[in-house]
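Q: A predicted structure for the sequence below; I have some questions about it.
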Amino acid sequence: MRNKQKKQVSDKVPKGMLKSTKDLPIKSSAQNRRPIGNVKPQNMRNGQAPRNNAIKQPALQRPVNPQAHKAVAKAMNAKTAPKKRRKFRGGNYILYYILAAIIVVIVMIVLANTVLFKCGEIEVQGNVRYSAAEIIGRSGLKTGDNLLHVNVAAASDGIVNSLSYIDKAEVKRSFPTKLIITVSEAERWYALSQGGVTAAISRRGRIIEQGNTDGLTVVRGFDAESVETGKWLKSKTEGKDEIPQIVFDAAEKAGLEKLDEIDMTDRFSVKLSVDGGRVVLELGPATAVESKLRVAAAIIKEELGAEESVTLLLTNPEKVAVRNKPKPPSASSSSTTTSTAPPTVPEDLETSETSETGEPYETYEPSYEEPSYEEPTYEDPYTYEEPWTNEETGETGE
């Protein structure tokens, strides 16, 4: 180890600073005879004179050059002292990553708005009456437009507002380069008659066309704000907008197919004409319409003949009133005399009230045969006496 240390020390010290020991000054032995510290030899204690050769003299030491001493100390410190580590600069790299990501995002946005997502094809679905080119032209869409800049809501409104037989239009983006237009064409549902004008109305309440209303149910008394083709139907009277929709939906569920006319002049007294006007249904207000029409359908199918013309008052579906129902002649008058006697009212019909014209309604109750039942005969052993009354006090008793 000492050889290695000396070798390292000699390597660290410059050669010009090394000198031979011959050139170093040698001090006399008398100068080196100093006692070490404050320790006194034993023969000098208690005032005694020192003996010869009693004090051991330290070995002679060669003086070291101060510069060499500093070099050695520096070399030893460099070998034993811990090395300083470089500080970690990870924060700077994270900042670089964030800046790089921001640059990439900006570049992608610029490319998407200029080069990428250009429309190369426009597809139309659901069209029958109108051609694809006509629908695309009314939408305002063109090939080459950027899909990100296309206003799909404005394109849909342009199609619906310009084409009367289109009830609904929807425009979707199909990335990267395609637009899809899906349309729902209107169907004639019923006819609106107002002010001498008859217009066909779609299921969504849009005025499709005027004049051609053959085979459609006529609605009167709607009091529409406008009957212009392409406009949406809206009534001036509050509460009338939903009545046609409610009545038609209920009629379909009840099975009334031959619905000829709906009179909703008075929204609290809605009237329906069924089967060519042969049967008139007075619904009253448009509430519980499905229950009322189910009862009417059952009466028309099971109780009325093929040529009977009646009016059914369905204000209360649990108790239906019938007017103008023909009454069968009596059996006695037909067998004895040629003159016709006034018809008798059957047991299942009762005159309950009169209509606006003064004609009586007849309450309809379903007829059925009651099961035969014979009451048992027995003798009552108890007698019954009428209770007496005291005229003065008014008290009653047996």
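A: Looks like it arrived, so ask away. Since we're looking at a predicted model, the values are computed, not measured.

Q: Verify the contact between residue 211 and residue 196 for me.
A: No. With contacts counted by C-beta atoms under 8 Å, residue 211 stays clear of residue 196, the gap being 11.5 Å. All C-beta spots, glycine's among them, are computed from the backbone N, C-alpha and C.

Q: So those two - more neighbours on which side?
A: Just comparing residue 211 and residue 196: by other C-beta atoms under 10 Å the higher neighbour count belongs to residue 211, 10 against 5.

Q: contacting residues for the more buried one?
A: Listed by C-beta atoms under 8 Å, 6 or more residues apart in numbering, the contact set of residue 211 reads 198, 199.

Q: Quick check: it vs residue 226, distance?
A: Applying C-beta to C-beta, to the nearest Å, one obtains 16 Å for the distance of residue 211 from residue 226.

Q: And for residue 319?
A: In this view, residue 319 and residue 226 are 41 Å apart by C-beta to C-beta.

Q: for residue 160, same thing?
A: 17 Å.

Q: Likewise for residue 237?
A: With distances taken as C-beta to C-beta, residue 237 is found 14 Å from residue 226.

Q: same deal with residue 180?
A: When distances are taken as C-beta to C-beta, residue 180 and residue 226 turn out to be 33 Å apart.

Q: can you check residue 234 too?
A: When C-beta to C-beta is the yardstick, residue 234 and residue 226 sit 8 Å from each other.

Q: cool, and residue 232?
A: As defined by C-beta to C-beta, residue 232 lies at a distance of 9 Å from residue 226.

Q: residues shared between the contacts of the two?
A: Counting by C-beta under 8 Å, 6+ apart, the shared contacts of residue 232 and residue 226 are residue 207.

Q: Quick check: closest non-adjacent residue to residue 147.
A: Once flanking residues are discounted, residue 147 sits nearest to residue 117: 4.4 Å by C-beta to C-beta, 6 or more residues apart in numbering.

Q: Identify the residues contacting the one you found.
A: Applying C-beta under 8 Å, 6+ apart to residue 117 gives the contacts 146, 147, 148, 175, 176, 177.

Q: Which of the residues you listed ranks first by neighbour count?
A: For the contacts of residue 117, neighbours were counted using other C-beta under 10 Å, and residue 147 has the most, 19 neighbours in all.

Q: Quick check: that one touching residue 173?
A: Yes. Using C-beta under 8 Å, residue 147 is in contact with residue 173, at 4.8 Å.

Q: hey, what's in contact with both of the two?
A: Counting by C-beta under 8 Å, 6+ apart, the residues touching both residue 147 and residue 173 are residue 179.

Q: So which residues make contact with the helix ranked longest in the chain?
A: Criterion DSSP state H: the longest helix present in the chain is helix 90-114. Identification of contacts with helix 90-114 by C-beta under 8 Å, 6+ apart yields 146, 148, 149.

Q: Swap in 10 Å and give it another go.
A: Residues from elsewhere that reach helix 90-114, judged by C-beta atoms under 10 Å, 6 or more residues apart in numbering: 116, 117, 146, 147, 148, 149, 176.

Q: Could you do stretch 136-145 as well?
A: Contacting residues not belonging to stretch 136-145 are listed as 117-124, 130-131, 135, 150-152, 154-163, 166, 169, 171, 177, 179, 181, 183 [C-beta under 10 Å, 6+ apart].

Q: same thing but 8 Å
A: Stretch 136-145 is contacted by residues 118-122, 124, 150, 154-156, 158-159, 162-163, 169, 171, 179, 181 when judged by C-beta under 8 Å, 6+ apart.

Q: before we move on, the earlier item: check which element follows the longest helix of the chain along the chain.
A: Read in the C-terminal direction, the helix or strand following helix 90-114 is strand 121-125, with elements assigned using DSSP states H and E.
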